[in-house]
Structures are given as structure tokens and as C-alpha cells.
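Peer 1: Output the structure for:
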Amino acid sequence: MPKPAIEEVQAKYQDRWMSIPGVVGVGIGAVNGAPVLRIMVLKKTEALERKLPKAVEGYSVIIVETGEIRAQ
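Peer 2: Residues are numbered from 1 along each chain as shown. Below you'll find the predicted structure:
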């Protein structure tokens, strides 16, 4: 069975991840040409990393410390 489009996976899990304190965004990126899900956090901590997956539905998850994100 083929894996779903990464946009579908993002839409499916985004609200769940955004409800975790410290998560400030969810996006799509690429590592070595492969699509990945990027979870952006205020501060990357061990406790927060334990709450987030390393992969979901065949896609790697990258946790990125961004600090607070504000609209310009």
C-alpha cells in the first residue's frame, strides 16, 4: 500500500502536535531530497522530544528549535 501524501499526514497530525506545550509550528521540508515533517518548538528539550514521534506514516520527523514565531 503506498504511503499517503505528506500534506495529508501533516493535516492529520498537526492539531495534535500543536496542542503540545512548546510546539509552535508544523511544516514540510526536505533532507537529502526526501520529504520530512518539521515540528518547530520553542526550545528543544529531552522531555519534548519524548512526546513527539521520530517518524510517522513513513515520513521522518525533524524537531527544529525556532524560538517564538511571530507574524511580521
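Peer 1: if I've got this straight, R16 is in a strand?
Peer 2: No. R16 is assigned helix when assessed by DSSP: H, G, I helix; E, B strand; the rest coil, not a strand.
Peer 1: Distance of it relative to G67?
Peer 2: Separation of R16 from G67 (CB to CB, to the nearest Å): 22 Å. C-beta here means a position set from N, CA and C on the backbone, and glycine is covered the same way.
Peer 1: Which parts of the chain are helices?
Peer 2: Applying DSSP state H to the chain gives helices spanning 6-18, 46-51.
Peer 1: For the last one, C-alpha coordinates in CSV please.
Peer 2: As requested, C-alpha coordinates have been extracted for helix 46-51 and formatted as CSV (Å, rounded to 0.1, in the frame of the first residue of the first chain):
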residue,chain,number,x,y,z
GLU,A,46,14.5,15.8,26.1
ALA,A,47,11.1,15.9,27.6
LEU,A,48,9.6,17.4,24.5
GLU,A,49,11.4,15.1,22.2
ARG,A,50,9.9,12.1,24.1
LYS,A,51,6.4,13.5,23.3
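Peer 1: for the helices of the chain, which one ends up most surrounded?
Peer 2: helix 6-18 (a mean of 14; mean count of other CB atoms under 10 Å).
Peer 1: Outside of that one itself, list whatever touches it.
Peer 2: With contact meaning CB atoms under 8 Å, 6 or more residues apart in numbering, helix 6-18 is reached by 23, 25-28, 35, 37, 39, 52, 56-57, 59.
Peer 1: Now tabulate the residues you listed in JSON lines and tack on distance to E8, pLDDT and neighbour count.
Peer 2: Below are the contacts of helix 6-18 laid out as JSON lines (distance: CB to CB, whole Å; pLDDT from 0 to 100; neighbours: other CB atoms under 10 Å):
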{"residue": "V23", "distance to E8": "20", "pLDDT": "96", "neighbour count": "19"}
{"residue": "G25", "distance to E8": "18", "pLDDT": "94", "neighbour count": "14"}
{"residue": "V26", "distance to E8": "13", "pLDDT": "96", "neighbour count": "18"}
{"residue": "G27", "distance to E8": "14", "pLDDT": "96", "neighbour count": "13"}
{"residue": "I28", "distance to E8": "11", "pLDDT": "97", "neighbour count": "13"}
{"residue": "P35", "distance to E8": "12", "pLDDT": "97", "neighbour count": "16"}
{"residue": "L37", "distance to E8": "11", "pLDDT": "98", "neighbour count": "24"}
{"residue": "I39", "distance to E8": "17", "pLDDT": "97", "neighbour count": "26"}
{"residue": "L52", "distance to E8": "19", "pLDDT": "97", "neighbour count": "18"}
{"residue": "V56", "distance to E8": "11", "pLDDT": "97", "neighbour count": "16"}
{"residue": "E57", "distance to E8": "9", "pLDDT": "95", "neighbour count": "13"}
{"residue": "Y59", "distance to E8": "10", "pLDDT": "97", "neighbour count": "19"}
